[in-house]
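Q: Provided below are the primary sequence and the corresponding predicted coordinates.
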Amino acid sequence: MESGCCVSRRSFMRLAGAVAAAGPILTEAHFAWGQSALRMPMNIAPGAVLINANENPLGPCQAACEAIAKAGPMGGRYDYALTLEVAKVFSERQGLKPGYVAVYAGSSEPLHYTVLAFTSPERGFVTADPGYEAGMRAASISKAKLSKVPLKADHAHNVKAMVAADPNAGVLYICNPNNPTGTITPKEDIVWALENKPKGSILLVDEAYIHLSDADSCIDMVKADKDLVILRTFSKIYGMAGIRCGFAIGRPDLLEKLQAYGQNPMPITGAAAATASLKDETLVPTRKKIIADIRNDTFEWLTANNYSFIPSQSNCFMIDTQRDGKGFYAAMVKKNVYIGRVWPVWPTYVRVTVGSKDDMAKFKVAFKEVMDSPVAAMLSLPEHREITPFSHLG
């Protein structure tokens, strides 16, 4: 007999089969390095500027570092209490009922699992183009129909086109602010998508970058028990990309569907650091301003030099190099500056992460030097070899 605290042989085999079929989970780090001819990260030269993976150079806050140091000596044990604590602290601060938050080591796992749980050969996956690629990779594993919908002229998600793209969609994915553009989709558009989406589908709203922007969260829609799952991560404003913690937020019955694909125990350092970060009331506004000031200074410089870019409210933005973006990336690598990748729909654009003041000062020098080079010079660069994210794992 099966119960909530034990697993029968039959249910265990179903679980094992689901996990085996889930495929590899790719993160921003995999995609960031996927177009590099280097095997990450061993061949990076000293002093390199790394503004390619939407990381936060500020790192964890002081309280989080102290929590990590305190938790470290207990690393020989699984401490589920720390995981329960971070969920409790977040839920209380957001006014969520118990059971509406699932804690993961980052937001990549719940993104992947949500797509697997709600898409199939009969239920498609709809996303923006350009948009974050991880959901598309998961949809390919579930053999779902993939619908990529161009952004609107203002670079917001075209929610009406997304809803119309697939009447049998299982998941409509909205990253807000969007990765890679850093642009905002208005809350009223997301509400419209929720009210008009295909029957039986869900919205997957990725709020990884929301603290960096003035966008309105959709957590109130979860409180109202709507058909959506929200993703949050500590990798961005909290500076914990290498520490790992994130949430899936939704109705308990929706979150339960993710459990079929497994859930590893949280690293205790990640859970402890996340809890400490949530309790630091000054962290979000202070860091939002720091990153915005550096970003806006970079935008002023780009404008003054007549470079074409898309204004952003996030820690990344897109620049039109007006030449082959991959060749431009390779030219920047030769100057020891690693910018972000190129999306096929916009082959001349590159994504740039907002780094430290020093990072962006070095970026400006290298960027101008490459832009001042003749376009033909791109053709003389060594052949740029694009590799898959999987090859970095070997």
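A: Done, it's in.

Q: low-scoring stretches of the stretch 201-350 of the chain, by residue?
A: Applying pLDDT under 70 to the stretch 201-350 of the chain picks out no residues at all.

Q: Domains in this protein, by residue range?
A: Following automatic domain parsing, one finds the domains of the chain at 28-54+283-393, 62-279.

Q: Most tightly packed of those domains?
A: domain 62-279 (a mean of 20; mean count of other Cβ atoms under 10 Å). The C-beta positions use only the backbone N, C-alpha and C, and glycine is treated the same way.

Q: How far off centre is it?
A: Chain-centre distance of domain 62-279: 9 Å, with Cα atoms, centre = their mean, to the nearest Å.

Q: Report the secondary structure state of the closest residue to Ala32 other than its chain neighbours.
A: Excluding the flanking residues, the one nearest Ala32 by Cβ to Cβ, 6 or more residues apart in numbering is Ala53, at 3.6 Å. Put simply, Ala53 is coil when judged by DSSP: H, G, I helix; E, B strand; the rest coil.

Q: quick one, what contacts Ala53?
A: Taking Cβ atoms under 8 Å, 6 or more residues apart in numbering, we find Ala53 in contact with 28-29, 32-33, 241, 340, 353.

Q: same thing with Ala45?
A: Asn336.

Q: picking up where we left off before, least confident pick among the contacts of Ala53?
A: Lowest pLDDT among those: Trp33, with 67.

Q: What is the longest helix along the chain packed up against?
A: Using DSSP state H, we find that the single longest helix of the chain is helix 283-304. Counting contacts by 3 or more Cβ pairs under 8 Å, 6 or more residues apart in numbering; DSSP states H and E, helix 283-304 packs against strand 316-320, helix 357-372.

Q: What pairs with the first one, parallel or antiparallel?
A: Each strand pairing with strand 316-320, determined using DSSP bridges, is listed with its direction: strand 308-310 (antiparallel), strand 349-353 (antiparallel).

Q: Now the residue nearest to Ala32, what are its backbone angles?
A: Per-residue torsions, Ala53: phi -130, psi 20 (degrees, to the nearest 10).

Q: circling back to that earlier point, so what touches the longest helix of the chain?
A: Helix 283-304 is contacted by residues 56, 58, 61, 211-212, 237-239, 277, 309, 311-312, 315, 317, 319, 352, 354-357, 360, 363-364 when judged by Cβ under 8 Å, 6+ apart.

Q: switch to 6 Å and redo it
A: Here helix 283-304 makes contact (Cβ atoms under 6 Å, 6 or more residues apart in numbering) with 61, 211-212, 237, 309, 315, 354, 357, 360, 364.

Q: Now distance to Thr83 too, for the residues you listed, in JSON lines please.
A: Conversion of the contacts of helix 283-304 to JSON lines gives the following (distance: Cβ to Cβ, whole Å):
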{"residue": "Cys61", "distance to Thr83": "20"}
{"residue": "His211", "distance to Thr83": "21"}
{"residue": "Leu212", "distance to Thr83": "26"}
{"residue": "Ile237", "distance to Thr83": "21"}
{"residue": "Phe309", "distance to Thr83": "40"}
{"residue": "Asn315", "distance to Thr83": "27"}
{"residue": "Val354", "distance to Thr83": "31"}
{"residue": "Lys357", "distance to Thr83": "36"}
{"residue": "Met360", "distance to Thr83": "36"}
{"residue": "Lys364", "distance to Thr83": "42"}
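
Q: Grab the nearest non-local neighbour of Ala156.
A: Per Cβ to Cβ, 6+ apart, closest to Ala156 is Thr185, 4.5 Å.

Q: Now the one you found: phi and psi?
A: Dihedral angles for Thr185 - degrees, to the nearest 10 - are phi -110, psi 120.

Q: before we move on, what about Leu231?
A: Backbone torsions for Leu231, taken as degrees, to the nearest 10, come to phi -110, psi 140.

Q: Ser140 too?
A: Backbone geometry at Ser140, expressed as degrees, to the nearest 10, gives phi -70, psi -30.

Q: For Pro24, see how far away it is.
A: From Ser140 across to Pro24, the span is 11 Å (Cβ to Cβ, to the nearest Å).

Q: From the contacts of Ala53, which land in strands?
A: Thr353 (DSSP state E).

Q: Need the nearest residue in space to Pro121, chain neighbours excluded.
A: The nearest residue in space to Pro121 (Cβ to Cβ, 6+ apart) is Lys143, at 4.7 Å.

Q: does the one you found count as helix, strand or coil?
A: Under three-state DSSP, Lys143 falls in the coil class.

Q: Just to check, it is in contact with Glu122?
A: No - counting by Cβ atoms under 6 Å, Glu122 is not a contact partner of Lys143; they are 9.5 Å apart.
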